[in-house]
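**Q** coords please:
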Amino acid sequence: MNELLTDIKYLKGIGPKKAFTLQTVGVRTFGDLLNYFPRRYLDRSLIKSIAALQEGETATVVGEIRNIRLEGTSWKNKRLIVSLHDKTGKLELTWFQGAQYLIKNFKSGEALAVNGKVGMFNKQPQMLHPDFDRLSSPEPGETHSTPDDAASEAIKNDATPNDYEPSDYDLFNTGKIIPLYTITDAMKKSFLTNRSLRKIIRGLLDKHLSAIAENLPAYLVDEQGLMHLRDAFEHIHFPASLETLEQATFRLKWTELFYTQILFALRKRETEEKVHSVRFEKVGEFTNRFYKALPFEMTNAQKKVIKEIRHDLGSGYQMNRLVQGDVGSGKTIVAIFSMMIALDNGAQCAFMAPTEILATQHYITLKKYLEPLGVKVSLLIGKQRKKLREEILQSIATGETHIAVGTHALIEEKVQFQNLGLAIIDEQHRFGVLQRKTLQDKALNPHILLMTATPIPRTLTMTLYGDLDVSIIDEMPKDRKPIMTYLRHDTERDEVYTFIKEEIRKGRQAYIVYPLVEESEKVDLQAASEGYEQLKAEVFDECRVGLIHGRLFPYEKEDAMEEFRNGKTRVLVGTTVIEVGVDVPNASVMMIVHAERFGLSQLHQLRGRVGRGAEQSYCFLMYSNKRTSDAKERLFAMEATTDGFKISETDLKLRGAGNILGKEQSGSITDLKIADLNLDTEILASAREAAFAVVANDKHLRDPANQAIRDYYLAHFHKRYSLADVG
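**A** Numbering: from 1, shown residues only. The predicted model follows:
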């Protein structure tokens, strides 16, 4: 048995109590502890002694806390002063804000690293509001000295008090770069500190380093110029230099990302080898007539994506393609072309959307373009009259319906297709994997086209959709003008209302959106309804105002949207149900109330409901004073750009992959232990290229040179992702 699989409680310095605590951070075995990587490092070469500090410089100092005191008579003017000592002198640290709370962070005798700007008072160095890291806490049974005790200890050892060093001696014995780990409150209670963790990991490496087996083939290590795995673990925890730290970090990140991509490469290989689909060989009358009837010229990006889809449909293998395109980039036209090719080859199509509003919008658009061409389009949603529903189901089953548009209703058992050849799933990230698979199972290996108007950062595309072919529509129609976006405080609401009235007098329309979140749905719904009543009675009394929200019946929502589409309603007040799928070219203003409460992707989607016509459009982001720092960044990002891909990168940085993707989609992506999807795009691209090359040359990983890859796959992935003929 691999000794690195040994229960962590048997490691020297751990025991049952600490082992239980370590399990809370995912450390159960010796190997898990090796993979508990430092969160950052302290470069000792950058640390200055207190005596060497110069006024005005920004410096890092490490010392021992000798004295902690609160000064000031009232809570408003209280300040916290901490005296930090090293063997060369004393540095005073001062905090004015939150002093009574900050004091809990410090204990006399602890080693502390601080970073800040140096000031001088009476020739005494000081720092105001420095950043700090606690480097040590008392070990079990150990007590830190008070300043007086420290002095007497120093005298006993023939030293002066000024020669006394911090008690965390291993800080000065671990080399020039000190690892700092994430230490939770539970770990602190179990006396697991940075100091003790370094000692434990040092002991683990000293005794078990030889048990670390290389997990990449020798040829890949050489080709990529990678550090050997044992050296990487040694230098990630105890780097000899910044250079070795960089090499170790690169090796471990590259390997972690390489194995996510091996999974995708094997999945793609299995699909291509085993999942055959109907070959759509011809482009005929439906496609040609639709192309001639288009009232505008398609963009080059649309033409490129259609060409890629055409190649897939004619290959004889099942198409699995994701089309990304920003709001308003013309994905629906690309989807229609794909469906026309299917119809030319005698196949039916399914077009599934996550909401009834979006499904209805697609239905209206398809009817407008395709009914004149003799294409029968049917709409299947949750709440329809029984007789109408039965007629639609019969029409789909007999093949009379060429294109069935709908919501989750399309995947119900009663829905049977005569000859489903192409399934299109719009805003696919809103569906679970099982829902997508249920639609696919309506026929034998239909071609699959996924679409999203939520731009996905390149790193997430390579990880989340690594086994799909990806097309990007990165060009907007020529007549589209960028939406002008403005941040406005709630106190400026009347000015925005005046602007909206002017637009309405020009014949335009406007949306006013209120937030709606699960935690306070009743409160928010009331706010939207009250806002509607106030706006209708007091602000926009010259025109008709409509209301739409998620609790309306489907026919009520459709009536509200239809009245807005045909211009009877000039202002539509709503919640986020209009986030996607609403296409009214005459709407030129989007006003978002309490914009600080919306996510960045959601704000971008809402803004995309305007700017769909030739006229200049505007988006007003109304905010209150209660904004977090993240909310400010979101709003500033929205004001700075209308590029959805730039916004998605900002969203990834702010929220992280797991929060963007949600529980259903995150999977192994958020299990990454060292790689960072915000920062490691180039490493990921390199690892992906290598992984797909390995599988292209050795489809079943049977080459002896790839034994390490096969062993790693069988050990880590085989139970979760059982792919045929591996190992």
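**Q** host element of L257?
**A** Element membership for L257, per DSSP states H and E: helix 242-274.
**Q** buried stuff in stretch 566-576?
**A** Buried residues in stretch 566-576, defined by neighbour count with 16 or more other C-beta atoms under 10 Å: 569-576. Every C-beta, even on glycine, is put in place using the N, C-alpha and C of the backbone.
**Q** returning to that earlier point: in the helix holding L257, what counts as buried?
**A** For helix 242-274, by 16+ other C-beta under 10 Å, it's 244-245, 247-271.
**Q** close enough to count as contact, A637 and T650?
**A** Yes - with contact defined as C-beta atoms under 8 Å, A637 reaches T650; the gap is 4.5 Å.
**Q** intersection of neighbour lists for the two?
**A** By the contact definition C-beta atoms under 8 Å, 6 or more residues apart in numbering, A637 and T650 are jointly contacted by L600.
**Q** Not counting whichever strand or helix holds A113 itself, show me its contacts.
**A** Counting by DSSP H and E, the element that carries A113 is strand 111-121. Strand 111-121 is contacted by residues 42, 47, 53-65, 82, 84, 91-93, 106, 125-136, 166-168, 171, 195 when judged by C-beta under 8 Å, 6+ apart.
**Q** before we move on, what about stretch 392-402?
**A** Contacts of stretch 392-402 (C-beta under 8 Å, 6+ apart): 343, 348-349, 375-380, 384, 404, 414-419.
**Q** Show the buried residues in those residues.
**A** Of those, these count as buried by 16+ other C-beta under 10 Å: 343, 348-349, 375-380, 384, 404, 415, 417.
**Q** ok, so of those, who is nearest H237?
**A** C349 (55.5 Å; C-beta to C-beta).
**Q** what helix or strand does the closest one sit in?
**A** Going by DSSP H and E, C349 is part of strand 348-352.
**Q** list the buried ones in the very next helix or strand once past that strand?
**A** Next along the chain after strand 348-352, taking DSSP H and E as the criterion, comes helix 356-370. By 16+ other C-beta under 10 Å, the buried positions in helix 356-370 come out as 356-367, 369-370.
**Q** Could you dump those residues into a markdown table and include distance to G15 and pLDDT?
**A** Shown next, in a markdown table, are the buried residues of helix 356-370 (distance: C-beta to C-beta, whole Å; pLDDT from 0 to 100):
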| residue | distance to G15 | pLDDT |
| --- | --- | --- |
| E356 | 58 | 82 |
| I357 | 59 | 80 |
| L358 | 57 | 83 |
| A359 | 59 | 88 |
| T360 | 63 | 86 |
| Q361 | 62 | 83 |
| H362 | 61 | 89 |
| Y363 | 65 | 91 |
| I364 | 67 | 88 |
| T365 | 66 | 89 |
| L366 | 67 | 93 |
| K367 | 71 | 93 |
| Y369 | 71 | 92 |
| L370 | 71 | 95 |
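**Q** Can you tell me which of those is nearest L684?
**A** Among those, and counting by C-beta to C-beta, the member closest to L684 is L358, at 31.8 Å.
**Q** My guess is the closest one contacts D426. True?
**A** Yes - the pair L358 / D426 is scored as a contact, 6.8 Å apart, by C-beta under 8 Å.
**Q** before we move on, the earlier item: from the buried ones among the contacts of stretch 392-402, which has minimum pLDDT?
**A** By pLDDT, Q384 ranks lowest within these, coming in at 80.
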